[in-house]
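Engineer: sequence first, predicted coordinates after that:
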Amino acid sequence: MGGGRIVAGLLAPHPPHLVYAENPPQNEPKAECGWETLRWGYERLRKQLESIDYDVIVILSPHWQTYVGTHFLGLDNFKSLSVDPIFPNLFRYHYDINIDVELAKMIHDEAESDGLSVRMMENPDFRVDYGTITSCHLTNPKWDKPIVSISSNRSVHYYSVEVMQEMMIKLGEATRKAIWKSGKKAVVISSNSLSHRHFVNESEVPEDMSKEHITNHSQYLWDMKMINMMKNGKTKELIEMMPEFTEQTVAETDGGALTWMLSSLNYPTYPATIHEYGTIIGTGNAIATWDTNDEKRTIQGVSSK
Amino acid sequence: MNGEVVLGLFVPAHPHPLLCPEKSPGWARLREAYEQARMIIEESEAELILVYSTLWTSIIGHQFQGLKEPEWVHVDHDFHYLGSMPYKFLIDTKFADNLANSAKARGLESRVVSYHGFPIDTGTVVALSLLNPDNKLSAGICSSNMYSNRAETIVLGKSANDAIKKSGKKVAVVVVSSLSNRMFTDKIKPHEEKIHSQKDDEWNRKILEFLDDGRLEDVSQLSREIHQQIRVQKVVAFKPMWWLAGVMGQHNNFAGKVHAYESVHGAGCAVVSLIPKLDEVGDKEYDEDDVETYHGDRNVLDTIISEENEEENNDSELSEESSNENEENLEKESFSSSRAPKPVGAYPHARKVGDLLYLSGVGPRQPKSNAIPGGPVKDVTGKNLDYNMKAQTIACIENIKTILEDSGSSLEDVVDVTSFLINMDRDFADYNSIYADYFGEIRPTRTTLEINALPTPIAVEMKVIAKIKN
Ligand SMILES: [Fe+2]
């Protein structure tokens, strides 16, 4: 086959608050309002995505945590109820998700031949993690595209951010190669916040926006530093900065999603579109798109193969 | 009637003993040990089972399962290929409220969660499925807060004990956790199963030796060291023993038994039971401050590095103190008597300054056995007991006499006495009559005070100053 490609990379954070505030029919709890600016940012992202033709979403979420290798959802459909273990009061979502098992298996195989430890997840009772659900819902609420869901290997816990990055860079390359071989047009999603120090209590009314702000100033400065690099197409530098950023702000980039996505895009040198930045219980969240078609850009590195 | 903890268990969290014990002899032994633990619960006549699993991490305060009959088919994130774990548990919802309220009363942020489909963690599912298969006992489940440090976790344990007392029930408490938690990061075959490293194995064995001896408090106090040595550093601090000690009473007086110790995918897994001994209270050494109520905010910046710094600072304070000490060493001389009860902290029995001898506070504990004549004032669970004040006062003064004689003085040389009683109304008369028997003729100056508590379960402690015989 061949000829497949990544048509966009997204940074799509997954705090369940954003789904809660939107009151979609799938979610049991109901909200009055909340986090509007971030949700408007997601609206802009969806608008942009409407102009991009794609077949499949490939997503890595830090809330499917695996210690023994990287895992891939490996059955055609998963349907159940997802309850957030931290915010069960905000997120009890009835999901029905179609999986592109063929592409999942291709990425799995590619990663395996590159020396990564991998496994397909084929237990029908498995519950899809709420990070994947939230990011996919906010990106594509119609759920009309199948997804490939990749677990977050916790090498960061066992070793370091540096080792995590090495593995995620490899996984990104394997993802890129597999997508090319599949002939499909894919959107890749890094599902995570940036800085991740947060409040340790919740206000009486969760959507009370008078309580919402970044946890501390240094965290804000770090987020802006990272976002500026995204805006200026300096993704290689961003990857180099990642260990320090991740340690300093306990960033959710520790799960490897952002490194993996940037690697799969072969480190874009063009600017990302930043749709919005905002805080959720004190964490920093940016919504961004790397549109690989914009100005006829193609991802270099694989097509020559 | 007050409820009480009748049994403590430490059990592993991995699903292997539940789902496929037949695949590895080690997993089968863990399964058998789980079965033994189940029978011990039955024998203990526990009415309720309270589970603390390190795999249920909470972030917003402490959470307690509050749904009456949570039911689901659980699948582990890593070991999904071993199969599904269908469950239906029976939660004591009143006890859940009680747990949350007791936690609040001690200054902790807490809430009850009762939602259908709430993800109960693998550790809790495994433990409750194997220890309480037919829901004969109702259960309580509490979370392990990601950021809570030692003080907060001990207070959480104590608040669980408050709730247990209030419930009026006999409770088996269960901690679900690994010892060393480093797993192999690649796939292994069941027959390749072993502890990840020799160092992990040696530490696990040391911890189990302590627990087999019933020394829970000693393991609790070693928790930071254990974390440093055999835990994956960036995964949260090793805290289950803080909680268990908090809920079971911070002491070493248990009948401990290790039922199995095996590896699961490289991690150290053990089944241990601890049954409180109700006779006497053993030695306690408070290296660290005890805490009753939580006042702090969780510091999410708390890292091992800052703890190390703290220790460094402490060290420098200590060395300053000892250099001052050196200057005055000529003037001072300290005494410890092998015939007197062992101090419960870093202090000598007596200290000489000029021709006066200052004694540390002395209680009635017996030098070798640590037994308390007249009986302890409360048992290990904190339940008040009846005790004989006269016997305690006699033992106390006899201990003072021994120390004085071993330090070159005598009861006759005592010039000043300060006495501390935990219950003036109940005990003053008995104390006063024994005091008169010993000191009536000697007539030192005296002050008697009532205080809240003493470090061991005793009713009286006395501190004296005496002349030294030339
Ligand atoms: Fe998250």
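Structural biologist: Nice, I can see it.
Engineer: quick one: contacts for residue A:45?
Structural biologist: A:10, A:12, A:138, A:139, A:275, A:287, A:289 (CB atoms under 8 Å, 6 or more residues apart in numbering or on different chains). For every residue, glycine as well, the C-beta is placed using N, CA and C.
Engineer: and the residue of the stretch 151-300 of chain A closest to chain B?
Structural biologist: residue A:157 (4.5 Å; CB to the nearest CB).
Engineer: please, which helix or strand holds that residue?
Structural biologist: If you go by DSSP states H and E, residue A:157 is part of helix A:155-158.
Engineer: so how far is that helix off the chain centroid?
Structural biologist: Offset of helix A:155-158 from its chain centre (CA atoms, centre = their mean, to the nearest Å): 19 Å.
Engineer: picking that back up, now for the residue of the stretch 151-300 of chain A closest to chain B, how many residues are close by?
Structural biologist: 18 (other CB atoms under 10 Å in any protein chain shown).
Engineer: wait, it touches residue B:232, no?
Structural biologist: Yes - using CB atoms under 8 Å, residue A:157 is in contact with residue B:232, at 5.4 Å.
Engineer: residues of chain A that sit close to chain B?
Structural biologist: Listed as neighbours of chain B in chain A under the rule CB under 8 Å from any CB of the partner chain: A:64-69, A:71, A:81-83, A:85-89, A:92, A:117, A:119, A:121-123, A:125-127, A:151, A:155-158, A:197-198, A:200-202, A:250.
Engineer: one step back: residue B:263: which of the contacts of residue A:45 is nearest?
Structural biologist: residue A:12 (39.1 Å; CB to CB).
Engineer: ok, the closest one - contacts?
Structural biologist: Residue A:12 neighbours (CB under 8 Å, 6+ apart): A:42, A:45, A:135, A:138, A:139, A:189, A:190, A:191, A:287.
Engineer: switch the cut-off to 7 Å
Structural biologist: A:135, A:138, A:139, A:189, A:191, A:287 (CB atoms under 7 Å, 6 or more residues apart in numbering or on different chains).
Engineer: what does residue B:9 give?
Structural biologist: B:37, B:172, B:174, B:272, B:273 are the contacts of residue B:9 under CB under 7 Å, 6+ apart.
Engineer: what helix or strand is the nearest residue to it once chain neighbours are set aside located in?
Structural biologist: Closest residue to residue B:9 apart from its sequence neighbours, by CB to CB, 6 or more residues apart in numbering or on different chains: residue B:174 at 4.6 Å. For residue B:174, the host element (DSSP H and E) is strand B:170-176.
Engineer: next SSE after that strand?
Structural biologist: As the chain continues past strand B:170-176, the following element, by DSSP H and E, is helix B:198-212.
Engineer: list the helices and strands the following helix or strand past that next one packs on?
Structural biologist: Per DSSP H and E, the first helix or strand lying C-terminal to helix B:198-212 is helix B:216-221. Secondary-structure packing of helix B:216-221 (3 or more CB pairs under 7 Å, 6 or more residues apart in numbering or on different chains; DSSP states H and E): helix B:198-212, helix B:240-248.
Engineer: quick one: the residue of the stretch 151-300 of chain A closest to chain B and residue B:236 touch, right?
Structural biologist: No - look at residue A:157 against residue B:236 with CB atoms under 7 Å: they stay out of range, at 9.8 Å.
Engineer: hang on, the earlier thing: next step: the contacts of residue A:45 restricted to helices.
Structural biologist: A:138, A:139 (DSSP state H).
Engineer: just the buried ones among the contacts of residue A:45, please.
Structural biologist: A:10, A:12, A:138, A:139, A:275, A:287, A:289 (16 or more other CB atoms under 10 Å in any protein chain shown).
Engineer: show me what the strand holding residue B:174 is packed against.
Structural biologist: strand B:4-11, strand B:48-58, helix B:122-131, helix B:240-248.
Engineer: in TSV: these, plus distance to residue B:70 and mean pLDDT.
Structural biologist: Formatted as TSV, those follow (distance: least, CB to CB, whole Å; pLDDT from 0 to 100):
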stretch	distance to residue B:70	mean pLDDT
strand B:4-11	19	97
strand B:48-58	12	95
helix B:122-131	10	98
helix B:240-248	22	96
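Engineer: could you dump the ones you listed to JSON lines with distance to residue B:353?
Structural biologist: What follows is these, written out as JSON lines (distance: least, CB to CB, whole Å):
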{"stretch": "strand B:4-11", "distance to residue B:353": "46"}
{"stretch": "strand B:48-58", "distance to residue B:353": "49"}
{"stretch": "helix B:122-131", "distance to residue B:353": "56"}
{"stretch": "helix B:240-248", "distance to residue B:353": "38"}
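Engineer: who does residue B:446 bridge with?
Structural biologist: residue B:417 (DSSP bridges).
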